[in-house]
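Chemist: sequence first, predicted coordinates after that:
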Protein chains: 2
Amino acid sequence: MHPNLQHILTLAHLLEFGKGGACVEITTTELGNIISRSQQSASKYLVELEKAGLLERTKAGQKFRIMITDRGVDEVLNLHETIKGSIEVLDRSGLQLDGKVVSGMGEGAYYMSLEGYRSQFNEKLGYEPYAGTLNLKLLNQSSVRMRSMMDNYPSVFIRGFTDSSRSYGWVKCYPAILNDGAVDKAAVIVLERTHYDNSMLEVIAPIGIKDLLGIKNGDFVKVFVTMTPKDPLLKTT
Amino acid sequence: MHPNLQHILTLAHLLEFGKGGACVEITTTELGNIISRSQQSASKYLVELEKAGLLERTKAGQKFRIMITDRGVDEVLNLHETIKGSIEVLDRSGLQLDGKVVSGMGEGAYYMSLEGYRSQFNEKLGYEPYAGTLNLKLLNQSSVRMRSMMDNYPSVFIRGFTDSSRSYGWVKCYPAILNDGAVDKAAVIVLERTHYDNSMLEVIAPIGIKDLLGIKNGDFVKVFVTMTPKDPLLKTT
DNA sequence: ATTACTAGCTTCCGAGTAC
DNA sequence: TGTACTCGGAAGCTAGTAA
């Protein structure tokens, strides 16, 4: 009995269901729902996984108490590594996002000019952002996907601060170039307290981007995030 | 025709094979080898994936040129997220490693005492390591797994330096507690230039760990890495 | 050399049902 | 309530082979 992909994915769901604890209590009906199979199939999976030594079961009343073995966890981690490997290849080519210029520069621009942020920008990015951010609406789902992946990328971290009246959240900066280098010292910023969704991008630079590129609302901009998650030097406290 | 897990995994392998580029050139025989199926099955997979809109093919001589669509990449990323979700649950409960004390404290101890490192330890960890590291041999494959996962964890980064005679590599420190808190200010260290394999662990602490715990070679030690990858504050430059 | 169809065997899936 | 067996139909896999 050789476990196949579905078996390993079932194992992964069991791990998740058990919140990583030592053992899981779940009925075959529940499991069937989770993996989108019948109760009967779920039952069969459990029997087969047990035979393969990837989990152990002990009767607990009518139910079973399931313990995933080390080998079981290994199988899940292996599968994860395989898929991760294929995705990291996307990382290495860098994140590229296509967007359309939209208005809405009021808010970001104001925040970026606050002294509590400006000194940190100077120190960590080497420049002060121009008083006005570039707001982009991402154009395709590939870009939105890249945007999501950015969360796991290394960033230049700008701490939040508190003044007499209120507190301000952190800002993560992802150094980037625009339009193949036409602007080479820009950064995508992600605010702790933002109201935008993942299909929007906010970009800063030391100069006025719109003027420099000669663009206006509705024009296309190509953003290329330059830091990759491969460099261990970027992770420190 | 609904693609199943094997289809998505095939897609992942195609991504990897194509090194993330826009298109892949691969024969069905090659693909069959990669996914451990026959040439015929590989061919069928490609036909089905195309029908499902997850890739497109154009004839290039006898071969095909394969382009994975956005939806195709999405499917791979989705699968990745699912599995990631199930193992992040392991993360949240923290990394726990079981090891056995072995000798071999010479090298690490010497390096850790160098001024170029010591000042950074003081600044970033808040203590100077005791002159002697604890070397552990990991006891089970689960621990070795955890050891590998550590690479993706946030760490306290100690820069390398150069003195008159040679240069010294960086050190990554992963704060940890030993034996359920018997030692609560320790750190697993990973050296840029190490000769150990992944089944070994090197631990520092402000005091002599062996004396404090009253342990000797061959005794068991439980290591619990306390930082989790969830905290965005840890990623800065 | 390729891709991909067909035939036949194997495995998977779920309804029914025993316990 | 539970788990898990049988069994018929569906889907998957490969060898042979056409193109």
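Modeler: Yes, it's here. Note that the coordinates shown come from a computational prediction; the quantities given were computed from them, not determined experimentally.
Chemist: let's verify residue A:87: helix, strand, or coil?
Modeler: In three-state terms, and counting by DSSP: H, G, I helix; E, B strand; the rest coil, residue A:87 is helix.
Chemist: and it, how many neighbours?
Modeler: The local packing of residue A:87 (other C-beta atoms under 10 Å in any protein chain shown) involves 19 other residues. C-beta: built from backbone N, CA, C; applies to glycine.
Chemist: so what pLDDT did the closest residue in space to it that isn't next to it in sequence get?
Modeler: Excluding the flanking residues, the one nearest residue A:87 by C-beta to C-beta, 6 or more residues apart in numbering or on different chains is residue B:80, at 5.7 Å. The per-residue pLDDT reported for residue B:80 equals 92.
Chemist: my guess is residue B:80 contacts residue A:85, does it?
Modeler: No. Using C-beta atoms under 8 Å as the test, residue B:80 is too far from residue A:85 to be in contact (10.3 Å).
Chemist: more neighbours: which of these two?
Modeler: With neighbours defined as other C-beta under 10 Å, residue B:80 and residue A:85 compare such that residue B:80 has more, 19 against 13.
Chemist: so who does the more buried one touch?
Modeler: Taking C-beta atoms under 8 Å, 6 or more residues apart in numbering or on different chains as the criterion, residue B:80 is in contact with A:80, A:83-84, A:87.
Chemist: identify the farthest-apart pair in those.
Modeler: A:80 and A:87 (10.4 Å; C-beta to C-beta).
Chemist: where in chain A is pLDDT low?
Modeler: Filtered on pLDDT under 70, chain A yields the residue ranges A:105-107, A:195-196, A:229-237.
Chemist: how much space separates the residue of chain A found nearest DNA strand D from residue A:34?
Modeler: Residue nearest to DNA strand D within chain A: residue A:28 (3.4 Å; C-beta to the nearest atom of the strand). The gap separating residue A:28 from residue A:34 is 11 Å, by C-beta to C-beta, to the nearest Å.
Chemist: who's more crowded, those two?
Modeler: The residue with more neighbours, out of residue A:28 and residue A:34, is residue A:28; 20 against 15, by other C-beta under 10 Å.
Chemist: so which strand or helix has residue A:135?
Modeler: Take DSSP states H and E as the rule and residue A:135 turns out to sit in strand A:134-138.
Chemist: which strands or helices does that strand pack on?
Modeler: If contacts are counted by 3 or more C-beta pairs under 8 Å, 6 or more residues apart in numbering or on different chains; DSSP states H and E, strand A:134-138 sits against strand A:95-102, strand A:200-204, strand A:220-225.
Chemist: now the longest one against strand A:200-204, angle please.
Modeler: I take that to be strand A:95-102. Put simply, strand A:95-102 runs at 90 degrees to strand A:200-204, going by axes from the mean of the first three to the mean of the last three C-alpha atoms, to 10 degrees.
Chemist: contact residues of chain A facing DNA strand D?
Modeler: With C-beta under 7 Å from any atom of the strand as the criterion, chain A meets DNA strand D at residues A:27-29, A:39-40, A:43-44, A:46-47, A:62-64.
Chemist: could those go into TSV alongside secondary structure and distance to residue B:176?
Modeler: Converted to TSV, those look like this (DSSP: H, G, I helix; E, B strand; the rest coil; distance: C-beta to C-beta, whole Å):
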residue	secondary structure	distance to residue B:176
A:27	coil	38
A:28	helix	39
A:29	helix	41
A:39	helix	43
A:40	helix	45
A:43	helix	41
A:44	helix	41
A:46	helix	35
A:47	helix	39
A:62	coil	41
A:63	strand	36
A:64	strand	35
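Chemist: how's chain A carved up into domains?
Modeler: Split into domains by automatic domain parsing, chain A comes to A:5-90, A:95-234.
Chemist: closest to residue B:4 out of the ones you listed?
Modeler: domain A:5-90 (8.1 Å).
Chemist: can you give me the end-to-end distance of that closest one?
Modeler: Domain A:5-90 has an end-to-end distance of 23 Å (C-alpha to C-alpha, to the nearest Å).
Chemist: now swap in stretch A:160-169 and tell me
Modeler: Using C-alpha to C-alpha, one end of stretch A:160-169 lies 4 Å from the other.
Chemist: helix/strand/coil for residue A:7?
Modeler: On the three-state scheme (three-state DSSP), residue A:7 is labelled helix.
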